[in-house]
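A.B. asks: Please work out how this folds:
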Amino acid sequence: MGFKVGNKVNIEVSGASHSEYIEVRLEGLPKGGKVDLDEVRSFLKRRQGGNASYTTARKEADEPQILGGIRDGELTGDAVIARFANSNARSKDYSKMRNIPRPSHADYVAFAKYGRDIDMSGGGFFSGRMTLPVCFAGALCMQLLKERGICIRAHIMSVGDVYDDPFDPVDDNADKLAEHVLPVVKKSAGDEMVSLMEAVSREGDSVGGCIECKVTNVPAGLGDPIYDSVESALSYAIFGIPAIKGIEFGEGFKVSGDRGSTSNDPFVIKDGRVRCATNNSGGIQGGITNGMPVVFRVAVKPTPSIYKPQRSVDLEKMEECELVIEGRHDSCIVPRVVPPVEAMTALVIADLIAAEDERSENH
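C.D. replies: Here you go, the predicted model:
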């Protein structure tokens, strides 16, 4: 089963967490574009597990096998196809789920839709592992966007009740991440987040958080009104990342308590360009980019796989029961979701730019 997103620049991912491999097909990138695969590998390592006590112990090489679209460090113009082996799967850890769905996982809805013969080991194709091929494709898009001066960066805004400082919503070049194991603006916030995640892990529980993403040097005029808005495109893609439960742009839900006199973004002239003095709109008005940084935040739910006893049902016996989950799981998935958020954003922005370039050529 393949899953697609995007129009001019689009991807299709296939495979599952414990299948022999997972794969991505990326179309729409220009012929002759330069590709730095070492930079791609560095990006992929940011989403790997097995690097801390609060992440899954499953460790995969995540080495891309390029099957097409890249030759001698250049894009050929054909579809880019990359495959990743699943070599460290332990499907026996998921034998209980054949009959007993894990609370807040996709087990039950998968059984309801596809039947109970579907292999949900490791989460099947609902697994966070499916973000690996997305990150590969997004890393390529980020390199091409960088040539246009467009930068995409995200940080952990919060874990549980621990908060980082927000990005500057107005300045394109004001944000720097701290030197820390986590992508955070404030080092002390990162230290507190690590302590919280380690404590939750020792308890056999999990914790959620929030990620803030900012896209700088975005040209005005990307996107379309109503159903093809930039918010719509980003939301559609971002919700393809497992564990995402909410998204807000600019000031988001906070504007519901504001007045127009405080939430409006006044126009100014800066360096010969039309800019906004504030950026409560998150760089998008009427569904179209206004030239300010695109800023949004996503809510990441606590990992549903916890080691505490939970209530569930036995689908074979049709009776309630208690479930204790086994296997290797993250107590906090938030750090590993940051690269997929950046990657999905890169894919969407690259797609929007490709559409605008085509529109300009036709006029």
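
A.B. asks: can we go C-alpha only for contacts and neighbour counts from here?
C.D. replies: Noted.

A.B. asks: Point out where this structure drops to low pLDDT.
C.D. replies: Scanning the chain with the threshold set as pLDDT under 70 gives 1, 49-60, 88-97, 121-122.

A.B. asks: residue furthest from the geometric center of it?
C.D. replies: Using C-alpha atoms, centre = their mean, the residue of the chain lying farthest from its centre is K317. It sits 37.9 Å away.

A.B. asks: And what about that residue, helix, strand or coil?
C.D. replies: Look at K317: counting by DSSP: H, G, I helix; E, B strand; the rest coil, its state is coil.

A.B. asks: surely G283 meets V294?
C.D. replies: Yes - between G283 and V294 there is a contact under C-alpha atoms under 8 Å: 4.4 Å.

A.B. asks: can you map out the strands along the stretch 251-363 of the chain?
C.D. replies: Using DSSP state E, counting those that start in this stretch, the strands of the stretch 251-363 of the chain run over residues 267-270, 273-276, 284-285, 288-289, 294-300, 310-314, 319-323.

A.B. asks: closest one to A174 among the ones you listed?
C.D. replies: Between A174 and the strands of the stretch 251-363 of the chain, the shortest separation by C-alpha to C-alpha is 13.6 Å, and it involves strand 294-300.

A.B. asks: Just the residues contacting that closest one, thanks.
C.D. replies: For strand 294-300, contacts defined as C-alpha atoms under 8 Å, 6 or more residues apart in numbering pick out 169, 208-216, 218, 243-250, 282-284, 333-334.

A.B. asks: Listing partners with orientation, what would you give for that strand?
C.D. replies: strand 209-216 (antiparallel), strand 244-249 (antiparallel) (DSSP bridges).

A.B. asks: Packed most tightly, which of those would that be?
C.D. replies: strand 209-216 (a mean of 24; mean count of other C-alpha atoms under 10 Å).

A.B. asks: what angle do the helix or strand just after it and strand 244-249 make?
C.D. replies: Scanning forward in sequence from strand 209-216 by DSSP states H and E, the next helix or strand is helix 230-238. Helix 230-238 runs at 160 degrees relative to strand 244-249, counting by axes from the mean of the first three to the mean of the last three C-alpha atoms, to 10 degrees.

A.B. asks: how about helix 230-238: buried residues?
C.D. replies: Buried residues in helix 230-238, counted by 16 or more other C-alpha atoms under 10 Å: 230-235, 237-238.

A.B. asks: Tell me which residues touch D228, please.
C.D. replies: Taking C-alpha under 8 Å, 6+ apart as the test, what D228 contacts is G287.

A.B. asks: Surely I152 is in a strand?
C.D. replies: Yes - judged by three-state DSSP, I152 forms part of a strand.

A.B. asks: and it, how many neighbours does it have?
C.D. replies: 21 (other C-alpha atoms under 10 Å).

A.B. asks: next one: A199
C.D. replies: Neighbours around A199, by other C-alpha under 10 Å: 16.

A.B. asks: Show me how far stretch 172-182 is from its chain's centre.
C.D. replies: 18 Å (C-alpha atoms, centre = their mean, to the nearest Å).

A.B. asks: Check the separation of the first and last residues in that stretch.
C.D. replies: Here the two ends of stretch 172-182 are set 22 Å apart, with distance taken as C-alpha to C-alpha, to the nearest Å.

A.B. asks: Kindly report the same for stretch 326-337.
C.D. replies: Using C-alpha to C-alpha, the distance between the terminal residues of stretch 326-337 is 22 Å.

A.B. asks: what does stretch 235-254 give?
C.D. replies: Counting by C-alpha to C-alpha, the terminal residues of stretch 235-254 are separated by 18 Å.
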